[in-house]
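# prediction below, plus the sequence it came from.
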Amino acid sequence: MKNLKKNLRAALVQASPIMFDKRATTEKVIRQIHEAGQNGAELIVFPESIIPCYPYGLTFGFTVGSRNNTGRQDWKKYYDNAVLVPDDTAGIAAAAKKAQAYVSIGVTERDHQTCSLYCTNLIFSPEGELVSVHRKIKPTGSERYIWADSHVPETYFPVVDTPWGAMGSLICWENYMPLARVALYEKGVSLYLAPNTNDNPEWQDTIKHIAIEGHCFVFNVDQYFTRDQYPQDLLEQDEISRLKEETCSGGTCLIDPYGHYVTEPVWNKEAIIYADLDLDMVPMSRMEFDATGHYSRPDILEFYVNDYDDELE
């Protein structure tokens with residue numbers, strides 16, 4: 001690994017969206033970026049699909065073999081508030097530049113040419129440049145009703161070369177995909193971003209395992225939102241009424257390369273969580289185990305990502 005900066009101040013933002021409202025949520029996010037920047041954060045990480053929200057519990061009228069018009073109308077509201085990249089992200093880029101920080105943020109992205117939506121993680125540089133667009137490669141369960149699979153190679157596993165080492169992201173249950181994790185390990189990721197909407201206890205075991213397996217810092221960043229934050233003008237109010245009052249309770253935390261909490265999970269509230277990291281821990285932790293380096297056996301185990309290079313040659 002090349003010589004890197006040793007110390008990093010990070011901020012993990014356990015945020016609540018203004019649900020189904022792209023403009024209001026973006027304005028809130030920008031305020032939180034400014035706050036984190038004023039507190040010295042050099043890396044600011046937001047949850048999965050914070051803009052315009054993660055539509056937990058909604059079916060949008062999908063059942064096997066049929067749909068309904070009520071669901072279509074609610075979906076259209078979600079579609080209208082999905083993010084066009086980079087058209088709708090100029091304010092976030094400017095906020096990253098003002099804070100002089102890397103900003104990672106999850107959005108529901110709307111394709112410019114089609115009507116397809118994607119669960120996307122964006123990373124902006126301290127210069128305000130969009131330096132990474134990662135689309136979720138496999139939406140989970142009923143997420144497939146609203147989000148398409150990523151099918152553009154450059155959005156599969158992009159990694160950002162930061163002063164503290166390589167930084168990449170996998171979104172929510174992508175982190176359960178062993179080969180997706182290896183794709184990041186192969187690129188030497190030291191800062192592993194895991195934006196999600198998982199507040200179950202088992203998830204804490206998952207992120208600890210990833211930190212140990214990859215010997216990297218894992219940023220587990222979740223949302224916090226409640227049932228009464230859903231818009232009253234949605235037509236699927238019966239589905240909303242069946243949700244838990246505290247619909248997503250958080251659990252945001254940061255794990256070190258040995259699988260220990262740098263910051264304990266935060267539950268049941270919005271919060272900006274700060275941590276000061278010693279990046280020397282990454283190479284030191286890999287002394288005896290480097291998953292895709294000296295502890296690999298490329299002579300008997302082969303891994304590749306099909307990025308269609310063969311078709312271009």
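Great, that's in hand.
# pLDDT of stretch 151-169, averaged?
Here stretch 151-169 scores 96 as its mean pLDDT.
# need the residues that contact that stretch.
For stretch 151-169, the external contacting residues (C-beta atoms under 8 Å, 6 or more residues apart in numbering) are 1, 4-5, 8, 43, 102, 104, 120-121, 123, 125, 131-135, 137, 150, 180, 183-184, 187-195, 277, 279, 282, 305, 307-308. Just so you know, the C-beta spots here come from the backbone N, C-alpha and C atoms, and that holds for glycine as well.
# helices of the stretch 1-150 of the chain, start to end?
Using DSSP state H, counting those that start in this stretch, the helices of the stretch 1-150 of the chain run over 22-38, 69-80, 90-99.
# ok, the stretch 151-300 of the chain next?
Under DSSP H, counting those that start in this stretch, the stretch 151-300 of the chain gives helices at 178-185, 201-214, 237-241, 281-285.
# make TSV from those helices and add mean neighbour count and distance to Lys22 to it.
Below are those laid out as TSV (neighbours: other C-beta atoms under 10 Å; distance: least, C-beta to C-beta, whole Å):
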stretch	mean neighbour count	distance to Lys22
helix 178-185	18	28
helix 201-214	18	27
helix 237-241	13	20
helix 281-285	18	36
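# now those as JSON lines including distance to Ala291?
Shown next, in JSON lines, are those (distance: least, C-beta to C-beta, whole Å):
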{"stretch": "helix 178-185", "distance to Ala291": "5"}
{"stretch": "helix 201-214", "distance to Ala291": "6"}
{"stretch": "helix 237-241", "distance to Ala291": "42"}
{"stretch": "helix 281-285", "distance to Ala291": "11"}
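# tally of neighbours for Tyr131?
Small correction: residue 131 is Val, not Tyr. Residues near Val131, counting by other C-beta atoms under 10 Å, number 18.
# ignore what I typed, I meant Leu130.
Neighbours of Leu130 using other C-beta under 10 Å come to 17.
# cool, and Thr155?
So Thr155, with other C-beta under 10 Å, has 18 neighbours.
# any figure for the gap between it and Val131?
Using C-beta to C-beta, to the nearest Å, we find Thr155 at a distance of 13 Å from Val131.
# Arg23 now?
Applying C-beta to C-beta to Arg23 and Val131 gives a distance of 24 Å.
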